[in-house]
Every structure is written in C-alpha cells, then in structure tokens.
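1. when you get a sec, could you give me coordinates for this:
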Amino acid sequence: MHAALKFLLLAYRQCRMDQSERSMKFMSIITCLLSTLVKKIIQNVSEMKLDRSSLNNIIQVCTSFGVVPWRKLFQP
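-> Next comes the predicted model:
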C-alpha cells in the first residue's frame, strides 16, 4: 500500500511539471485508478485495519486528484 502511494505521489508531481497532452492523459489514468482504490477502501475499510498514517496518506493523494468521498469512508 505504501509503495503504491509513493508511486502515485511521484507520478502526480511529475505530471504537474509537464503540461503536455501525454501528462494530461496520464493524470486521467491515475485519477481513474485512485477512484477504484477509494471504492475498494470504502468497501473493505474495516477489514483492512488501516492505521491513521496510512489513511491520511490515502486521503492526501486522493484529495489532490479531486476524488473525495471521505464521508462515506468514515460512516459505520
């Protein structure tokens, strides 16, 4: 999980520096992947037993891409 988040942060930073059409397409792919990740987390958050640091990292990455269904994540 941490390795994937580090990769996504690195990819995001690189895409923000490069404003070409290719980076925009890459951002779309990453956003789609993050959306899928968020849905999976919402479905399995109790089973995953994420620590606060991991959850904060996920929130930070996903929020930077505009993927923000966090109220659902914290509801019982």
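2. for this structure, which element, helix or strand, carries the lowest mean pLDDT?
-> helix 70-74 (a mean of 54; mean pLDDT, DSSP states H and E).
3. what number of residues lie near residue 39?
-> By the criterion of other Cβ atoms under 10 Å, residue 39 has 13 neighbours. The way it works is simple: take the backbone N, C-alpha and C, and place the C-beta from them, glycine included.
4. what pLDDT does the model give it?
-> With respect to pLDDT, residue 39 scores 74.
5. for residue 51, same thing?
-> 73.
6. same check on residue 59?
-> For residue 59, the predicted pLDDT is 74.
7. the helix or strand containing it packs against which elements?
-> Secondary-structure assignment from DSSP states H and E places residue 59 in helix 52-64. Helix 52-64 sits against helix 2-17, helix 21-48, with contacts defined as 3 or more Cβ pairs under 8 Å, 6 or more residues apart in numbering; DSSP states H and E.
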